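Enquirer: sequence first, predicted coordinates after that:
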Amino acid sequence: MENYLNENFGDVKPKNSSDEALQRWRKLCWIVKNPKRRFRFTANLTKRSEAEAIRRSNQEKFRVAVLVSQAALQFINGLKLSSEYAVPEEVRKAGFEICPDELGSIVEGHDVKKLKIHGGTEGLTEKLCTSITSGIGTSEDQLSIRKEIYGINQFTESPSRGFWLFVWEALQDTTLMILAACAFVSLIVGILMEGWPIGAHDGLGIVASILLVVFVTATSDYRQSLQFKDLDAEKKKIVVQVTRDKMRQKISIFDLLPGDIVHLGIGDQVPADGLFLSGFSVLIDESSLTGESEPICVNVEHPFLLSGTKVQDGSCKMLVTTVGMRTQWGKLMATLSEGGDDETPLQVKLNGVATIIGKIGLFFAVITFAVLVQGLATRKLQDGSHWAWTGEELMSVLEYFAVAVTIVVVAVPEGLPLAVTLSLAFAMKKMMNDKALVRNLAACETMGSATTICSDKTGTLTTNHMTVVKACICGKARDVNCSDAARYLASSIPESAVKILLQSIFTNTGGEIVVGKGNKTEILGSPTETALLEFGLALGGDFQKERQASNVVKVEPFNSTKKRMGVVIELSGEHFRAHCKGASEIVLAACDKYINKDGDVVPLDEASTNHLNNIIEEFASEALRTLCLAYLEIGDEFSLEDPIPSGGYTCIGIVGIKDPVRPGVKESVAICRAAGITVRMVTGDNITTAKAIARECGILTDDGIAIEGPEFREKSEEELLKLIPNLQVMARSSPMDKHTLVRNLRTMFQEVVAVTGDGTNDAPALHEADIGLAMGISGTEVAKESADVIILDDNFSTIVTVAKWGRSVYINIQKFVQFQLTVNVVALIVNFLSACLTGNAPLTAVQLLWVNMIMDTLGALALATEPPQDDLMKRTPVGRKGNFISNVMWRNILGQSLYQLVIIWCLQTKGKTMFGIDSDLTLNTLIFNTFVFCQVFNEISSREMEKIDVFTGILKNYVFVGVLTCTVVFQVIIIELLGTFADTTPLNWNQWFVSIVLGFLGMPVAAALKMIPVGAH
């Protein structure tokens, strides 16, 4: 079976599956009772192709718009332009001078002419009643008027489906429709023959069973849809930085309005259509909107920013012009949201299992029907009455047909693929409480097979609360871990050195010091920038004064390839100076001078270089992150087209930043090691710092290897084969080094790899990995978009929780499959053999429908929602090659099925003599009752596939206890009170005792089976 599944249903990958692979498995599933339900949680390929068509038309539209705008620029330069635009009355009354449609046409059409007519970005700012420095007002009245005129930043979503729609979809089941038709005929014939109400009992019994199945199924599906809705809402939460009422603040992307001034940095998603106001080196990736992979340069000449695109490089301020469904992104997202998520490999495999069993069930159903009808026809031939058929005999044929159809109901395990979704929805909801947001369904199940985690250091293994604790300025290293120590440092070094140090800290930064609510000083920026700015304030610096004293003319933001950041500032008298900061050894290598203890700039000789390198090593060995600050006098001429110089700098000093290891990380790494998961640290930090932190976390062992990125890049494929198994730390790594490591682990060593990332440049590695884990706090929107799971608290311990839940999902589904296949096998063989050997089926249509509900919807609820046990992390991972239906499962299925078949066969052949039963109805009721109790106790045994103790934690799982209780209570009602509808008769105490004991004996049998050793796969 596993080979068949891999050949026919194995093309679908956990992510990035081709449309051909997704189409192929759908075509193979031709035995489907209810396509609406079976394919509910699969991708809508039609909607996806529509979204792709929108992208292509956008690409063409924007290409034309750019060409037109370039031509218009050449034409309109020097011309006086007049406007025929008239402001609509309601817009003018609201206090604005431009309507939303006109605004939308400017940005979407890249219309330079219209932009110039309206006075450029400054003119539009005025017409939108906003200010570049202050932003829009925040009074409720102002905001509500703005919303009324320009709309809100949300795209139209398909309305949520109500409960009755799920009921209607559950009724679309072909087999249930056929059974309903049988019930209708049975009602008519029964009433005509026996009158009301006696003649209606059989028909009403089937109708009641169908309604029960439909309502239980619909309730389960509806609850599931609500869980997915909550998770979808979480996925869309994006926070942006805006200036409102002169204050920089964070707001939800959904609260953005035209006129807002938004601050964008590397990795941010452009939250609405807008115009560039000011910024440096801005490159925009428009591939999500147009499919075009080449980044677009945005500046004052080409100021158009489109919603949904990503900032690939640089930083800027933008003016929001158009929001929500008026943007191209809004229209595209409305279509894309209907495309749905890809189905997961487990869903597809279980669709394959359902198809195989469905074919077998259909064959058995046809044979059963043929045998039962042939038996009746033979009896009539022997009586010589084969030409005269009574109503009762026709009713028997109808009943045989209903039994055959019900065998198909039981035999096609429609619930298998849906159990995956149920389990995943349950796990995703629980993981959300554990600070992990799952963006890609398949990640839940894949994480359970993970064999390697490649983790960042900063913010994941460490707390990301950084402070400068040591500094080496003017050649002397000092502790500066408190404000008094910092002030002492400032007083003990020459004033000229303090001045250049503060200028470097306050001008060469991606952070900002602003006045927030309640006049509180707030430091905005990454943890590293925040630490440096705090250090600058502790030295007695004034951020605003320093920024006003010079003019920043060019910025090269920090990225993980260059490992440094640079700015060029213009001082008074048209003199230019460059400042640079970054990885200590890289920036120090770009220096040829340094500031000595007297504050003089002197050449950097070998002794001084060795002294500074020793300082770097000393700081790094104390697990400090080191940064080198440097400057360069450029002179009187600098062009914006020129790159920032890469050498000839003067070293100002080296700072050591403390970023403590998170509590619980060492224990989490130990749990991973016990679970067979190798943890590797991949960081951009100095190798000495990386090794010190890795030892503290328990990642670097005595036989482990630590290597630097540049050295790793030079290795041949043969050397990598020897190196990678023992590689535990990679320092000074670039994003491509991380990507190469991930690719080699997956291809060379067949590892299932989880990777953490927070920066824009981590996107390729997150995409390449089996499971991409983005950081929720420090991660950029680009990283989050490429990730499968977002770690909301940036904590490594949460990653271990995700792995535990992943294993739990995988094992829960295995338990449910084992339970359902056992019921399938027994129900099929019992009815088939009985029909062949005795000429009647002991389990009627109503009884089989009840069994189907026990094993399908209720069984999935009970077994697929088991919370994870701690001992899950003591097992080895399944890995890439593991079989889903393992030998352990086959052993349990076949052993338990054999026991149940023997019991039921004995009851059918010897039951009357053994228990002194006279009527067939009582015997069939006893068989039905025993069969159901066999399933009840088998459900308990299925809680553990290999352990004998199946009761641990059972009372903590309220769903499981609730399902079992409901099953038993309803079974008593069916036997004792609903006999006329369910073809049962009340049993005496002895018969009840026998039913329960025979069911219970399945548990010792299951325990004995678990002692039989079998190979893992």
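Expert: Thanks, I have the structure now. Numbers count the residues shown, from 1 in each chain.
Enquirer: all helices for the stretch 601-750 of the chain, in order.
Expert: Applying DSSP state H, counting those that start in this stretch to the stretch 601-750 of the chain gives helices spanning 606-621, 665-674, 687-697, 709-713, 717-723, 735-747.
Enquirer: and the shortest one, what other elements does it pack with?
Expert: Just to be clear, that refers to helix 709-713. strand 727-731, helix 735-747 (3 or more CB pairs under 8 Å, 6 or more residues apart in numbering; DSSP states H and E). The way it works is simple: take the backbone N, C-alpha and C, and place the C-beta from them, glycine included.
Enquirer: would you list the ones you listed in TSV and tack on mean pLDDT?
Expert: Compiled in TSV, those are given as follows (pLDDT from 0 to 100):
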stretch	mean pLDDT
strand 727-731	93
helix 735-747	88
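Enquirer: need the winner for burial among these.
Expert: strand 727-731 (a mean of 23; mean count of other CB atoms under 10 Å).
Enquirer: what angle do that strand and helix 735-747 make?
Expert: Here the directions of strand 727-731 and helix 735-747 differ by 160 degrees (axes from the mean of the first three to the mean of the last three CA atoms, to 10 degrees).
Enquirer: one step back: need the helices and strands packed on helix 709-713 in TSV with distance to Glu495, can you?
Expert: Shown next, in TSV, are the helices and strands packed on helix 709-713 (distance: least, CB to CB, whole Å):
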stretch	distance to Glu495
strand 727-731	37
helix 735-747	41
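Enquirer: out of the ones you listed, flag the one nearest Glu90.
Expert: Ranking the helices and strands packed on helix 709-713 by proximity to Glu90 (CB to CB) places helix 735-747 first, at 50.3 Å.
Enquirer: restricting to C-alpha, output the closest one in CSV.
Expert: Only the C-alpha atoms of helix 735-747 are listed here, as CSV (Å, rounded to 0.1, in the frame of the first residue of the first chain):
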residue,chain,number,x,y,z
PRO,A,735,22.2,34.3,3.9
MET,A,736,23.5,32.3,0.9
ASP,A,737,25.7,30.2,3.3
LYS,A,738,22.6,29.4,5.3
HIS,A,739,20.7,28.5,2.1
THR,A,740,23.6,26.3,0.9
LEU,A,741,23.7,24.5,4.3
VAL,A,742,20.0,23.9,4.2
ARG,A,743,20.0,22.6,0.6
ASN,A,744,22.9,20.2,1.4
LEU,A,745,21.3,18.9,4.5
ARG,A,746,18.1,18.2,2.6
THR,A,747,19.7,16.7,-0.6
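Enquirer: any idea how far it is from the middle of the chain?
Expert: 21 Å (CA atoms, centre = their mean, to the nearest Å).
Enquirer: other SSEs contacting that helix?
Expert: In terms of contacts (3+ CB pairs under 8 Å, 6+ apart), helix 735-747 is packed against strand 452-455, strand 678-682, helix 709-713, strand 727-731, strand 753-757, helix 763-768.
Enquirer: now the third one: buried residues?
Expert: Buried residues in helix 709-713, defined by neighbour count with 16 or more other CB atoms under 10 Å: 709, 712.
Enquirer: which other residues reach that helix?
Expert: Helix 709-713 has contacts (CB atoms under 8 Å, 6 or more residues apart in numbering) with 723, 730-734, 737, 740-741.
Enquirer: do the same with the last one
Expert: Contacts of helix 763-768 with the rest of the structure, by CB under 8 Å, 6+ apart, involve 16, 454, 735-736, 738-739, 742-743, 746, 755, 757, 772-774, 782-783, 785-788.
Enquirer: also the first one?
Expert: Judged by CB under 8 Å, 6+ apart, the contacts made with strand 452-455 from elsewhere in the structure are 461, 672, 677-682, 738, 741-742, 745, 751-756, 765, 769, 796, 799, 803.
Enquirer: and Gln172, how far from Val214?
Expert: 10 Å (CB to CB, to the nearest Å).
Enquirer: contacts only, for Glu667.
Expert: Glu667 neighbours (CB under 8 Å, 6+ apart): Ser797.
Enquirer: could you shift the numbering so residue one becomes 56, and keep it that way?
Expert: Done: numbering now begins at 56, and the last item shifts to Glu722.
Enquirer: ok, it to Thr513 distance?
Expert: 20 Å.
Enquirer: wait, what's in contact with Thr585?
Expert: Here Thr585 is in contact with 521, 566, 578-579 (CB under 8 Å, 6+ apart).
Enquirer: rerun at 10 Å
Expert: Thr585 makes contact with 519-522, 564, 566, 568, 577-579, according to CB atoms under 10 Å, 6 or more residues apart in numbering.
Enquirer: Leu679: which of the helices and strands packed on helix 764-768 is closest?
Expert: strand 782-786 (13.9 Å).
Enquirer: direction included, what does the closest one pair against?
Expert: strand 733-737 (parallel), strand 760-763 (parallel) (DSSP bridges).
Enquirer: of the ones you listed, flag the one that's most buried.
Expert: strand 733-737 (a mean of 24).
Enquirer: okay, the angle between it and helix 742-752?
Expert: Angle of strand 733-737 versus helix 742-752, following the same axes, to 10 degrees, is 150 degrees.
Enquirer: re the thing from before, possible to save the strands paired with strand 782-786 as TSV with mean pLDDT and distance to Gly329?
Expert: Shown next, in TSV, are the strands paired with strand 782-786 (pLDDT from 0 to 100; distance: least, CB to CB, whole Å):
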stretch	mean pLDDT	distance to Gly329
strand 733-737	92	36
strand 760-763	92	42
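Enquirer: any idea which of these gets closest to Ala532?
Expert: Comparing those by their distance to Ala532 (CB to CB), the top pick is strand 760-763, with 23.9 Å.
Enquirer: let me know the secondary structure of Ile306.
Expert: strand (DSSP: H, G, I helix; E, B strand; the rest coil).
Enquirer: ditto for Ser362
Expert: At Ser362 the chain is in coil, as set by three-state DSSP.
Enquirer: just to revisit the earlier point, including distance to Gly192, could the helices and strands packed on helix 790-802 go into CSV?
Expert: Shown next, in CSV, are the helices and strands packed on helix 790-802 (distance: least, CB to CB, whole Å):
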stretch, distance to Gly192
strand 507-510, 45
strand 733-737, 46
helix 764-768, 49
strand 782-786, 49
strand 808-812, 39
helix 818-823, 37
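Enquirer: so which of those gets nearest Val460?
Expert: Going by CB to CB, the one of these nearest Val460 is strand 808-812, 46.2 Å.
Enquirer: for burial, what's the neighbour tally of Ala745?
Expert: 28 (other CB atoms under 10 Å).
Enquirer: what residues are up against it?
Expert: 512, 675, 678, 680, 736-739, 754-755, 761-763, 784-788.
Enquirer: against Gly759, how distant is it?
Expert: 12 Å.
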